[in-house]
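Take a look and give me a structure for this.
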Amino acid sequence: SGYATHGEYAVITTGADDVFRVYLVRTAELPRCIFETPEYLKLQGLSPDGAFILMQSGHALDALHPAQLVLDLQGFKIREITGYDGVIGCWSGVWSPISGDHQIVVHFEHTGYAKPAIWCPISNELQIIDCPLSGEVWATWDRTGKSLLLTRHQQGRSDLHRWYLEDSRMELLQPLDGTIFSSETNSDDRVTGIWSGSGSYAQAFLDSTRLPVPDFKPSRPLAPWEYREIVGVPCFLARPSGQSRPYAKTVIEVYGGFGFHHVDCYNAKIQSLVDHGFLVVLVNTRGCNGFGRAWRDATLADIGHTELKDVARVREVLVNAGEMVDDCSIISGDSWGGYMALLAMGTQPSLWRAALAGVPVGDFEKAYSEATPLIRAFNRVQFGGTPQTHPSAYHRASPLAYVDAITAPVMMLVGKHDCLCPPGQNRRYQCALK
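Predicted coordinates:
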């Protein structure tokens with residue numbers, strides 16, 4: 001999916017009937033399909049000179065471990081890179097900003113964590129960026145093409161470095177005390193971006209300086225989060241002030257999908273719950289990103305149930321440690337987190353007093369028939385095939401299969417035109433719940 005323009009033409013990628021196509025559209029001409037494949041495609045961009053197209057592709061029908069694919073404007077495949085050092089997967093390609101320099105920043109997981117490299121699809125030369133940072137490291141170019149901006153993710157926080165390609169020198173710009181949401185270089189070759197932490201509202205920064213917002217007057221102080229690994233599961237705890245332990249009310253917030261994890265940042269939802277006296281525990285279970293390949297892919301062995309095992313273990317430790325009351329906890333989440341909230345209510349009914357499920361999936365079989373081609377491509381990897389070829393896998397993962405066990409209230413927030421978590425399957429779940 002996606003589009004990009006250059007001069008008098010554009011490139012558009014589409015998906016329909018589980019076939020992905022690339023179209024070249026020139027001014028005053030009809031669109032022309034130049035490439036099609038059953039593997040999912042995501043347009044990454046045109047090279048600055050407009051000669052080549054970069055796509056992220058579900059290589060070998062594996063949408064969770066993609067490849068980077070380069071085409072010319074006739075749809076001819078120039079080169080594809082699928083991984084490094086025997087480890088399948090190549091993510092997030094970005095062209096060099098210099099016209100005629102056909103180098104691309106890509107990311108591999110050969111160390112177990114995302115690390116950047118520079119690849120030239122024309123010559124097939126590959127340069128691994130040997131930076132000394134632990135955790136996941138994601139890179140983008142500065143506007144001169146002479147350095148990379150490195151955002152490192154570790155323990156739910158991120159910092160920012162600048163890596164100079166000429167001499168492999170690295171400069172720290174922003175420390176590991178919150179989350180970097182964006183960064184780029186301006187016309188003066190200074191690095192600008194947005195940072196936020198749980199105890200602070202969002203701030204712009206310039207190189208290493210965070211800029212004040214003089215006209216902004218916060219209504220109240222914020223509750224900073226505590227990072228803790230509980231039985232090996234990365235968590236953040238946001239505590240209400242003026243209350244003693246065990247906390248009488250707890251919300252356990254689960255993460256929102258394979259490409260997401262809870263990060264240390266300003267979050268209005270969490271702050272409002274804390275303001276109302278809730279202990280909020282943000283749980284980064286197996287299946288989320290940000291903590292390495294093995295942690296993310298562990299959920300594929302038992303979709304949904306793997307994550308809820310982690311949630312139940314974290315909850316048990318907090319109850320036994322006297323930090324939360326056993327019989328007054330709510331599970332909450334959005335998207336994939338909403339799905340897990342519904343699944344928990346049916347598979348762990350004794351643990352939860354209520355569920356808050358935002359844009360969830362209640363029935364994977366029905367959702368597959370309604371979803372976009374990209375989501376279906378992901379589902380086929382998650383469950384080993386389609387609902388027709390692997391019905392038991394879809395059934396076991398679906399909250400609908402356990403709806404009869406639910407004994408507590410469930411609140412669902414559903415998007416009327418949501419194509420990622422479509423409404424029809426949630427209506428089916430709602431009818432079964434009634």
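
ok, now how distant is residue 360 from residue 51?
Separation of residue 360 from residue 51 (Cβ to Cβ, to the nearest Å) stands at 44 Å. Where C-beta positions appear, they are placed from N, C-alpha and C, glycine not excepted.

Compare the two (neighbour count), which wins?
Neighbour tally, residue 360 and residue 51, criterion other Cβ atoms under 10 Å: the higher count belongs to residue 360, 28 against 15.

In stretch 135-154, which residues are buried?
Under the neighbour-count criterion of 16 or more other Cβ atoms under 10 Å, stretch 135-154 has 135-142, 145, 147-154 buried.

Quick check: the residue nearest the centre of the chain vs residue 153, distance?
By Cα atoms, centre = their mean, the chain has its centre lying nearest to residue 259, at 2.1 Å. According to Cβ to Cβ, residue 259 and residue 153 sit 12 Å apart.

Same check on residue 111?
Separation of residue 111 from residue 153 (Cβ to Cβ): 14 Å.

ditto for residue 92
Distance, residue 92 to residue 153, by Cβ to Cβ: 13 Å.

what do the two both touch?
The contact sets of residue 92 and residue 153 overlap at residue 138 (Cβ atoms under 8 Å, 6 or more residues apart in numbering).

who's in contact with residue 408?
Residue 408 sits next to 345, 349, 352, 353, 354, 355 when contact means Cβ under 8 Å, 6+ apart.

Which members of the residues you listed are positioned in strands?
Using DSSP state E, the members of the contacts of residue 408 that fall within strands are 354, 355.

Looking at the contacts of residue 408, which one is closest to residue 189?
Nearest to residue 189, judged by Cβ to Cβ, of the contacts of residue 408 is residue 355 at 49.7 Å.

mind listing what that closest one touches?
Going by Cβ under 8 Å, 6+ apart, residue 355 touches 330, 331, 332, 341, 342, 344, 345, 408, 409, 410, 411.

Chain neighbours aside, what residue packs nearest to it?
Of all residues not flanking residue 355 in the chain, residue 341 sits nearest, at 4.3 Å (Cβ to Cβ, 6 or more residues apart in numbering).

Doesn't that neighbour belong to a strand?
No - applying DSSP: H, G, I helix; E, B strand; the rest coil, one finds residue 341 to be helix, outside a strand.

How many neighbouring residues does it have?
Applying other Cβ under 10 Å, I find that residue 341 has 30 neighbouring residues.

Could you report the separation of it from residue 347?
Per Cβ to Cβ, residue 341 is found 11 Å from residue 347.

Measure how buried residue 64 is and give me the count.
When neighbours are counted by other Cβ under 10 Å, residue 64 registers 16.

meant to ask about residue 113
By other Cβ under 10 Å, the residues close to residue 113 number 22.

dump the residue contacts of it.
So residue 113 contacts 134, 135, 136, 137, 292, 293 (Cβ under 8 Å, 6+ apart).

about what we covered before: from the contacts of residue 355, which is closest to residue 278?
Closest approach to residue 278 among these (Cβ to Cβ): residue 330, at 8.1 Å.

Can you pull the phi/psi pair for the closest one?
With angles defined as degrees, to the nearest 10, residue 330 sits at phi -120, psi 140.

wait, residue 348 sits on residue 310?
No - with contact defined as Cβ atoms under 8 Å, residue 348 does not count as touching residue 310 (11.9 Å).

higher neighbour count, the two?
Neighbours were counted for residue 348 and for residue 310 using other Cβ under 10 Å; residue 310 has more, 24 against 17.

In this structure the more buried one contacts residue 233, no?
Yes - contact criterion Cβ under 8 Å: residue 310 and residue 233 qualify, at 4.8 Å.

Tell me which stretches of the protein form helices.
Taking DSSP state H, the helices of the chain run over residues 268-275, 293-297, 305-320, 336-347, 364-370, 373-383, 391-397, 423-433.

what mean pLDDT does the last one have?
For helix 423-433, the mean per-residue pLDDT is 93.

Could you do stretch 243-251 as well?
When pLDDT is averaged over stretch 243-251, the result is 95.

just the contacts of residue 355 now: which is nearest residue 189?
Using Cβ to Cβ, residue 332 is the member of these that lies nearest residue 189, at 43.6 Å.

picking up where we left off before, surely the residue nearest to residue 355 and residue 357 touch.
Yes - counting by Cβ under 8 Å, residue 341 touches residue 357, with 4.2 Å between them.

Between those two, which contacts overlap?
With Cβ under 8 Å, 6+ apart, residue 341 and residue 357 have common neighbours 332, 333, 410.

Mind checking which of those land in strands?
Reading strands off the shared contacts of residue 341 and residue 357 with DSSP E, I get 332, 333, 410.

Of the residues you listed, which is the most crowded?
When neighbours are counted by other Cβ under 10 Å, residue 333 leads those with 29 neighbours.

For it, name its beta-bridge partners.
Beta bridges link residue 333 to residue 357, judged by DSSP bridges.

Spit out the residues that contact residue 310 and residue 233 alike.
Common neighbours of residue 310 and residue 233 (criterion: Cβ under 8 Å, 6+ apart): 283, 285, 286.

Look up how far residue 372 lies from the first one.
Residue 283 sits at a distance of 28 Å from residue 372 (criterion: Cβ to Cβ).

the more surrounded of those two?
A count of neighbours by other Cβ under 10 Å puts residue 283 above the other of residue 283 and residue 372, at 26 against 15.

Pairing partners for that one in the sheet, please.
The partner residues for residue 283, given DSSP bridges, come to residue 235, residue 254.

With residue 148 instead?
Legend: beta-bridge partners of residue 148 under DSSP bridges are residue 141, residue 163.

Let me have the ones in strands among the shared contacts of residue 341 and residue 357 in JSON lines, extended by pLDDT and distance to residue 34.
Listed next are those as JSON lines, based on pLDDT from 0 to 100; distance: Cβ to Cβ, whole Å:
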{"residue": "332", "pLDDT": "98", "distance to residue 34": "45"}
{"residue": "333", "pLDDT": "97", "distance to residue 34": "41"}
{"residue": "410", "pLDDT": "97", "distance to residue 34": "47"}
